[in-house]
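[1] My questions are about this predicted structure, shown below with the sequence.
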Amino acid sequence: MLQIGREPQSSADVLGPRPREDGAAPRGAILRALIYADLFDFPLTSSEIQRYLIGEATTASLVDATLDGDITLRQHAERTGEWYHLVGRSHLAEVRRQRADASARLWPVARHYAAGIAQLPFVRLVGVTGALAMNNARPSDDIDLFILAQPGRVWLCRLFVLVIVKLAARRGQRLCPNFLLSTDHLRLSQRNLFAAHEVAQMVPLQPGGWYGAFIEANGWVRDFLPNALPGPAPTDRARPRGAWPARLAGALLSTPLLDPIERWEMRRKIRRLTDRLEREGGSVAFSADECRGHFAGHDTRVLAAYRARLAQYMEIR
C-alpha cells in the first residue's frame with residue numbers, strides 16, 4: 001500500500017492537556033473544541049461544543065455551566081447570538097449564516113447524485129464529508145463523498161463513480177469522491193484528530209447496517225472526540241435493494257474472471273494518482289482495500305495549525 005503523510009503516534013499529539021478526573025469544569029476541552037472549529041471559521045452552539053469536546057467526555061449541563069460561569073474561559077471565548085467563538089471572532093456568526101445558506105443549496109445536489117451513485121454496482125454506502133457535512137460550505141466548494149465498496153472491487157467501483165462525477169461536472173456541479181473503502185477493511189488506516197472529525201461528522205445519505213458497522217469499527221474516534229459518535233445503529237449488513245439492472249450488473253461483474261481487470265485498473269490509477277501526489281503533495285493511501293486521495297496536504301496543515309494554536313493557550317486547563 002502506498003501511504004504518505006506522518007500520523008501522530010498517539011492522541012496526545014493533538015489533544016493537548018489530558019482530561020482531569022476531579023470533576024472540574026471542562027474549560028480546556030471546550031477551548032480546544034473552539035480552537036479546532038476556528039480553523040474552519042466555524043463558531044459552535046453549546047450542544048455542538050459538547051458533542052465535539054476534544055479529549056474529554058462530559059455532560060451538556062456541565063458544558064453550559066462552564067460556558068456561562070467560568071471566568072477564565074470567558075477571557076478567551078465569547079458568544080454572538082447562539083454561537084460561541086474565540087474572542088475577537090464575532091464576525092464568524094455572519095460567516096456561519098452565509099455558509100449555511102450556501103450549504104442548503106448544495107444539499108439537494110448532493111442527495112441527487114448520491115442516490116445515483118448508490119445504485120451503481122459494488123456501492124454499499126455513500127456519505128457526505130468535509131464542509132458540507134457541517135453546513136459550512138461555500139458556494140464554490142466541492143461535495144466530498146465517502147463510499148464503502150464491495151471487497152475486491154474498490155477500483156472498478158471508483159471507475160463507475162467517476163462516470164457520474166463527469167456527468168455532474170458538465171452541469172457545473174463538483175463531486176469529489178476522495179475516499180473509497182472496502183467493507184472488509186472498515187477500520188481507517190489514518191487515525192488522528194482530523195480523521196476522527198471526518199468520521200463523526202459524516203452524513204450517510206443511505207444510512208443502514210454498513211454505516212453502523214463503519215462507526216463500530218472506528219471506535220478509536222472516542223479517544224479524540226468522546227461524545228461525538230452516534231449511538232448504536234442497526235448491524236444488518238445486507239445489500240440495500242436497488243434497481244434490478246444494477247443488481248444484475250453487480251452479480252456479473254463480481255465473478256472472479258473480472259479480478260484481473262480490477263487489478264489492472266488499480267495499478268493504472270495508482271500510477272496516475274502517484275504522479276499527482278508528486279506534483280501536489282498530500283496524505284494518501286492506495287491499496288486493494290482503500291483509495292484515500294487527500295491531496296495538497298489539507299489535513300496535515302489543519303493539524304499543524306491546531307498544534308500551533310494550542311501552544312498559545314497552554315495556560316488554560
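    Nice, thanks for sending it over.

[2] Please identify the helix or strand for Pro177.
    Assessed by DSSP states H and E, Pro177 sits inside strand 175-182.

[3] mind listing what's buried in that strand?
    Neighbour-count burial for strand 175-182, counted by 16 or more other CB atoms under 10 Å, picks out 175, 177-182. (Each C-beta comes from the backbone N, C-alpha and C, glycine too.)

[4] Next: stretch 124-140.
    Buried residues in stretch 124-140, counted by 16+ other CB under 10 Å: 124-137.

[5] same check, this time on stretch 184-199
    Across stretch 184-199, burial judged by 16+ other CB under 10 Å covers 185-186, 188, 190-199.

[6] picking that back up, just the ones of the buried residues of stretch 124-140 in strands?
    If you go by DSSP state E, these have 124-129 in strands.

[7] Between the buried residues of stretch 124-140, which sits nearest Ala296?
    Gly130 (13.3 Å; CB to CB).

[8] do you know how far the closest one is from Cys291?
    Applying CB to CB, to the nearest Å, the value for Gly130 to Cys291 is 16 Å.

[9] what do you get for Leu310?
    Note on Leu310: its distance to Cys291, by CB to CB, is 32 Å.

[10] Which of those two has more residues huddled nearby?
    Neighbours per residue, other CB atoms under 10 Å: of Leu310 and Cys291, the larger number sits with Cys291, 25 against 20.

[11] Just confirm that one is within a strand.
    Yes: assigned with DSSP: H, G, I helix; E, B strand; the rest coil, Cys291 falls within a strand.

[12] got a list of what Leu132 touches?
    Contacts for Leu132 (CB atoms under 8 Å, 6 or more residues apart in numbering) come out as 103, 106-107, 110, 141, 143-144.

[13] can you rerun that using 7 Å?
    For Leu132, the contact set (CB atoms under 7 Å, 6 or more residues apart in numbering) comprises 103, 106, 110, 141, 143-144.

[14] Need the pLDDT of it.
    pLDDT, Leu132: 97.

[15] cool, and the one 10 residues further on?
    As predicted, Asp142 sits at a pLDDT of 94.

[16] contacting residues around the residue nearest to it when sequence neighbours are not counted?
    The spatially closest residue to Asp142, leaving aside those adjacent along the chain, is Cys176, at 4.0 Å (CB to CB, 6 or more residues apart in numbering). Counting by CB under 7 Å, 6+ apart, Cys176 touches 142-145.

[17] element containing the residue minimising distance to the centre of the chain, please.
    Central residue of the chain (CA atoms, centre = their mean): Glu198, 1.8 Å from the mean position. Take DSSP H and E as the rule and Glu198 turns out to sit in helix 193-201.

[18] orientation of that helix relative to strand 175-182 in degrees?
    For helix 193-201 against strand 175-182, the angle by axes from the mean of the first three to the mean of the last three CA atoms, to 10 degrees is 90 degrees.

[19] Can I get the buried residues of stretch 124-140 in a markdown table including distance to Ile270?
    Formatted as a markdown table, those follow (distance: CB to CB, whole Å):
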| residue | distance to Ile270 |
| --- | --- |
| Arg124 | 22 |
| Leu125 | 23 |
| Val126 | 23 |
| Gly127 | 24 |
| Val128 | 26 |
| Thr129 | 22 |
| Gly130 | 23 |
| Ala131 | 27 |
| Leu132 | 28 |
| Ala133 | 27 |
| Met134 | 31 |
| Asn135 | 34 |
| Asn136 | 32 |
| Ala137 | 30 |
